[in-house]
Structures are given as structure tokens and as C-alpha cells.
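My questions concern the predicted model and sequence given below.
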Amino acid sequence: MIRRPRHIAILFLILALTVPAASAQSIPLEQFKSMAAEAMQQQTLPGISVAVWQHGKLEAFALGYADVEGKVPATPQTLYRLASISKPITAVAVLELAKQHKLDLDAPAEKYCPAFPAHPEVTARELLSHRSGVPHYKNDAAAENTRHFNSLDDAVKNFAAEPLVFPAGSGFHYTSYGFTVLGCEIEGASGESYESYVREHLFHPLHMSAQVDDAHIEAEAHLHFYSLKNGKLVMAHPLDTSDRLPGGGWLSTPTELVRFAAGVRALLGEEWSRRMWTDTAKPGEKEHYGMGWFLLKLGPHDAVAHSGGQLGTSTYLLEIPSRDTAIAVFTNRDGADMGKVARKMAERME
């Protein structure tokens, strides 16, 4: 029996899942460029990058600037802060460990993350679905953190003793800190650093080269992050994301993220992908969330998505699994609505 390296085997699986359907329509690229240009004008965006995947075909383009002052154009290879699109990445890593029976989703989080001992009732399953009660950022100072943490253990200890906002499992409360705990659990379950595990088991098989958000990388890439103040673009406030890497600390491109979305089922298999995309909402709750993904309807189709909002960035990743379609729209300005653009594009692909 011939054994292929794992990343080659996964590539074959991705190709098998993305054989072009006879009825597949072409990607209306010129229409999408017009939509992106309209969004740039309406929302005062410095730059915008878009990638679209459908049935194994990938199209990508960019408009505007990665660096307005230096007149450095945005490109399909421009790095952006993923912000909360980091959460689906971490979710896939957690579920891959669960699939291998290395991490019990219903065990106390402290089993794998000893830095989180104050709440033994909190589990990975609750953290993945934002039902743990772990708090989110307390204020703007926490959201705009400039303190550097040398490890996820240190980052977890920064908030581990804070009280839960409600008993674990009793409601939905969005939390990036909860995903920091999940990153710590990945380290305990795998025996590797969070970054190393994600690179080896997710990024390498999918030929991704995402980077940890770092000021040196931003400078080398001639990438600037912007905010909108009084109708004008200004440089965004400095940010250190070392306290939230698993929930909001990666840099990548829309092209890599649509490849990630298209490859999820190859990484996890159909059964675990189905579990990840199963609604955890209780009757009467407004937020429909699986494990690491928001769930929504686009016309007759079930879709999964995640937005990202952070200083100097607004991102959106959308996937329609039944149509093997994924769209990613990123801009280097905070407070923008990229979800509206991505959903409008998805409607044109019907």
C-alpha cells in the first residue's frame, strides 16, 4: 500500500469534494468588482480584497490601497487582520483533536488548560459555542490591548478569575477570551504550542501561510490599518493581539481563507463538519451559532459565516457548503460592513 504524506492526502480529498458540477455557473467577476468599488466609495475604505471559490475555481482581486500614504496598492496577497475569523480556525483545530480522541469536548477546560482552574464547570463544547459564560472584553481598554503576553497561559491567567456572566451552558454570550482558553486547551491536548499545532495540522495541509499578527510583519508587508474619524481615514490605534490569538490574532488573505473554508470537510470529514455546523441555539435565542461559526440562511441555502471586527480591519468569510461556494471580503479599516458585500455577492451566484 502506498502511503502519501498527510497534506497530499488532504489535497486529494479537497479535489474530490470540489469536482465541478455540470450546472455550476461562472463567477461574475466584473459584477463583483463593481460591488467592491461601490462599497469602497460608500464606506470610505482604503482598500478591499476579495476572493471567491466555487466548485474548485478560485477568483481573487483587490482595489484601493494597503498603505494610503505610501500609495501601496492592495492585492489578492495583501495580509489583513482576520480578527474573529480566527475563531473558525481554532474551532477546526479543537474538533480535529476531538475526532482523534485527544480532547474531550465535555471535560472541564482545566483538564487541558491548568491556567483556567476557577471554573471547572466550563467545557470546550460550551466555549466553542459561546455558551460558557466566560466574559468578553470589559471595556475599550481591553479591546484595544497594547500589553504583550508571552504565552497563552499568561493570557488566560489575565482573566481566568473573573466571574462568569451566567452559569455555564445557560445562554449565549460572545467571547474572544473563551477562544483563548480553547487555544490553551489545544496546547494541553496536543503537547504542542497553539501556533505550531495550527500550522502543522491546518495551514500546512491547506497550503496556507497565515501569520501571527505582529508589527514587524505589518511593516515588511507595507500594510497599514485605518479608522474613520470625522469622515477621514486615520491610522488605527496600536493593538497587541497576543491576549487573543486563537480568537482574533492571525493575519492572512481572503484567498487563503476561502481555501480554508473549502477544505474544512476534507480536514474533519462529513460527520464532524456536520457537528460543527449544527445550531446550538435554544428556543427563543436570536443568535444561531454552531461551534466556531455563525449559521444563516441565504435564500433556500444553509450557510455558515464569521465576521471579524478589530482596530484597523473588517472581515467576512461566508460559505455555502451545499454549493461548494465560499466568499471572503476584507478591508483594512475598522467599523466597515463586509458581510453586506459578501452576502450580496453570494446572491448573484444563485
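Noted; the coordinates are in hand.

give me the beta-bridge partners of Leu318?
Ala305, Ile327 (DSSP bridges).

Just list what the strand or helix carrying Ala346 packs against, helices and strands only.
Here Ala346 sits within helix 338-348, counting by DSSP states H and E. On a contact count with 3 or more Cβ pairs under 8 Å, 6 or more residues apart in numbering; DSSP states H and E, helix 338-348 meets helix 29-43, strand 47-54, strand 294-298, strand 301-310, strand 313-320, strand 325-331. Backbone N, C-alpha and C define where each C-beta goes, glycine included.

Contacts for the first one next, please.
Residues lying outside helix 29-43 but in contact with it, judged by Cβ atoms under 8 Å, 6 or more residues apart in numbering, are 45, 48, 50, 52, 59, 61, 63-64, 329, 331, 333, 336-338, 340-341, 344-345, 348.

for stretch 67-77, same thing?
With Cβ under 8 Å, 6+ apart, stretch 67-77 has contacts from 46-49, 51, 60-66, 222-224, 226, 233, 253-255, 332.

returning to that earlier point: Leu97: which of the helices and strands packed on helix 338-348 is closest?
Nearest to Leu97, of all the helices and strands packed on helix 338-348, is strand 301-310, at 20.1 Å by Cβ to Cβ.

quick one, the closest one and helix 338-348 angle?
150 degrees (axes from the mean of the first three to the mean of the last three Cα atoms, to 10 degrees).

what number of residues lie near Pro117?
The burial count assigned to Pro117 is 14, neighbours taken as other Cβ atoms under 10 Å.

What sits closest to it if chain neighbours are left out?
Ranked by Cβ to Cβ, 6 or more residues apart in numbering and with sequence neighbours excluded, the top spatial neighbour of Pro117 is Glu110, at 4.9 Å.

Would you enumerate the residues in contact with that neighbour?
116-117, 119-120.

Could I have the PyMOL command that selects the buried members from the residues you listed?
Buried subset of the contacts of Glu110, written as a PyMOL selection, criterion 16 or more other Cβ atoms under 10 Å:
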select buried, resi 116+119
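
where exactly do the strands run in the stretch 51-200 of the chain?
57-67, 72-73, 80-81 (DSSP state E, counting those that start in this stretch).

Quick one: those strands as TSV, columns for mean neighbour count too.
Output for the strands of the stretch 51-200 of the chain, formatted as TSV (neighbours: other Cβ atoms under 10 Å):
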stretch	mean neighbour count
strand 57-67	19
strand 72-73	15
strand 80-81	30
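
nearest to Gly249, of the ones you listed?
Gly249 lies closest to strand 80-81 among these, at 8.3 Å (Cβ to Cβ).

Could you name the helices and strands sitting against the closest one?
Partner elements for strand 80-81 (3+ Cβ pairs under 8 Å, 6+ apart): strand 250-252, strand 313-320.

which strands and helices sit next to the shortest one?
The reference is to strand 250-252. strand 80-81, strand 211-212.

Can I get the ones you listed in a markdown table including distance to Gly183?
Below are the helices and strands packed on strand 250-252 laid out as a markdown table (distance: least, Cβ to Cβ, whole Å):
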| stretch | distance to Gly183 |
| --- | --- |
| strand 80-81 | 17 |
| strand 211-212 | 12 |
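
So Glu96 sits against Glu200, correct?
No - at 10.9 Å, Glu96 and Glu200 do not qualify as touching, with contact defined as Cβ atoms under 8 Å.

These two: who's more crowded?
Per other Cβ under 10 Å, whichever of Glu96 and Glu200 has more neighbours is Glu96, with 21 against 14.

State the distance from the more buried one to Pro246.
Distance of Glu96 to Pro246, computed by Cβ to Cβ, to the nearest Å: 14 Å.

average pLDDT across the lengthiest helix in the chain?
Secondary structure of the chain read by DSSP state H shows that its longest helix is helix 254-276. Averaging pLDDT along helix 254-276 gives 96.
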